[in-house]
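A structural model of the following input is requested.
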Amino acid sequence: MLQAPHWFSEVYPHHGSAFSLKVSEKLHEEQSPFQRIEIYETEWFGTLMVIDGCTMVSDRDNYLYHEMMTHPALYTHPDPQTVWIIGGGDCGSLKEVLKHPEVGQAVQIDIDERVTRLAERYFPDLCSSNEDPRARLLFLDGIQWVREAAAESVDLIIVDSTDPVGPAEGLFNQAFYRECVRCLKPDGILAQQSESPLFHADLILAMRATMQQAGFAATRTLFFPQCLYPSGWWSGTLASKSPTGLSGFREAAARDKPFETLYYNADIHTAAFVAPEALGKRFHLAQ
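The predicted structure is shown next:
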């Protein structure tokens, strides 16, 4: 909500906290067929996109999320040639995926075309790879796309979704994960944003259990800072069809990556999978 005179605040009532940014102006607001989208210019975080009252992406810190939702999975998979991005309408994850020369095709499937069109206008850097011949942008229901896709037709699925409510709710259940297992090749990997380990540890544990019940053989969660999101501490969870599919970090390739990043590197990759003591014990007990 915009608080007079110049602050946007996202309140987390269940956790007695809030995050605020000082804004200079509202650039855009509209109700798409799926959600309310607002664009602000802030004093220090640059341009900010808000969806249904929740901060989504800013110029200042988006690289943290986009790099950590893509490169760890890409450098864990032995040869990621085909990638699907479910959601990701701001196109930041697509941009990072296409930095990898081994990727032959990256399909972004987002239900709301307006998010992408507004990103093209207000976040042009995030959309700088949209015209890459390897990129394919579809504005469809990602759940339906996965359900109708051919078996063993993709190497990596990245679920770059909003919180598990509204249009994204169906991306966090066993039926969706079963379809992902079916679509992934034998060494395939699923990577999904999994909320805050401080605020949503129970959700992370439930997600990992549901992934395993759906047929994934192994799961791992990685952690990274993200000050724009609740608690400022975020996570992504990887799942593989193979029991050893998440243990094959291509470290030499990550150290010699042929592109620039602002946060991700080989050492960050290794460190990100180390769980804090209390959370690590919960993961161990839940297995």
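
Would you mind confirming that residue 221 is in contact with residue 246?
No. No contact is recorded between residue 221 and residue 246 when judged using C-beta atoms under 8 Å, the distance being 10.4 Å. C-beta coordinates here come from the backbone N, C-alpha and C atoms, glycine included.

any residues in contact with both of these two?
For the pair residue 221 and residue 246, residues contacting each of them under the criterion C-beta atoms under 8 Å, 6 or more residues apart in numbering are residue 238.

Flag every buried residue along the helix or strand where residue 37 lies.
The secondary structure element spanning residue 37 is strand 36-42 (assigned by DSSP states H and E). For strand 36-42, the buried set under the neighbour-count rule, 16 or more other C-beta atoms under 10 Å, comprises 37-40, 42.

biggest strand in this protein by residues?
Identified as the longest strand of the chain according to DSSP state E is strand 17-31.

ok, residues contacting it?
In this structure, residues lying in contact with strand 17-31 by C-beta under 8 Å, 6+ apart are 2-3, 6-12, 36-45, 47-48, 55, 58, 114, 118, 122, 227-228, 230-232.

Just after the longest helix along the chain, pick out the following helix or strand.
Here the longest helix in the chain is taken by residue count, with DSSP state H as the criterion, and it is helix 201-213. The C-terminal neighbour of helix 201-213 among helices and strands, as given by DSSP H and E, is strand 218-225.

dump the residue contacts of residue 138.
The neighbours of residue 138, taking C-beta under 8 Å, 6+ apart as the test, are 107-110, 145.

try 6 Å this time
Neighbouring residues of residue 138 by C-beta atoms under 6 Å, 6 or more residues apart in numbering: residue 109.

before we move on, what SS does residue 67 have?
On the three-state scheme (DSSP: H, G, I helix; E, B strand; the rest coil), residue 67 is labelled helix.

If you could redo that for residue 231, that was the one I meant.
Secondary structure assignment for residue 231 (three-state DSSP): helix.

Now do the strands in this structure.
Listed in chain order, the strands of the chain (DSSP E) span 2-3, 7-12, 17-31, 36-42, 47-51, 54-58, 82-87, 105-109, 135-138, 154-160, 184-193, 218-225, 233-240.

could you dump those to JSON lines with mean pLDDT?
Conversion of those to JSON lines gives the following (pLDDT from 0 to 100):
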{"stretch": "strand 2-3", "mean pLDDT": "56"}
{"stretch": "strand 7-12", "mean pLDDT": "93"}
{"stretch": "strand 17-31", "mean pLDDT": "96"}
{"stretch": "strand 36-42", "mean pLDDT": "97"}
{"stretch": "strand 47-51", "mean pLDDT": "97"}
{"stretch": "strand 54-58", "mean pLDDT": "96"}
{"stretch": "strand 82-87", "mean pLDDT": "97"}
{"stretch": "strand 105-109", "mean pLDDT": "98"}
{"stretch": "strand 135-138", "mean pLDDT": "98"}
{"stretch": "strand 154-160", "mean pLDDT": "97"}
{"stretch": "strand 184-193", "mean pLDDT": "97"}
{"stretch": "strand 218-225", "mean pLDDT": "96"}
{"stretch": "strand 233-240", "mean pLDDT": "96"}
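
Would you reformat the ones you listed as JSON lines and include distance to residue 270?
Listed next are these as JSON lines, based on distance: least, C-beta to C-beta, whole Å:
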{"stretch": "strand 2-3", "distance to residue 270": "41"}
{"stretch": "strand 7-12", "distance to residue 270": "31"}
{"stretch": "strand 17-31", "distance to residue 270": "29"}
{"stretch": "strand 36-42", "distance to residue 270": "33"}
{"stretch": "strand 47-51", "distance to residue 270": "31"}
{"stretch": "strand 54-58", "distance to residue 270": "27"}
{"stretch": "strand 82-87", "distance to residue 270": "22"}
{"stretch": "strand 105-109", "distance to residue 270": "25"}
{"stretch": "strand 135-138", "distance to residue 270": "30"}
{"stretch": "strand 154-160", "distance to residue 270": "20"}
{"stretch": "strand 184-193", "distance to residue 270": "17"}
{"stretch": "strand 218-225", "distance to residue 270": "10"}
{"stretch": "strand 233-240", "distance to residue 270": "14"}
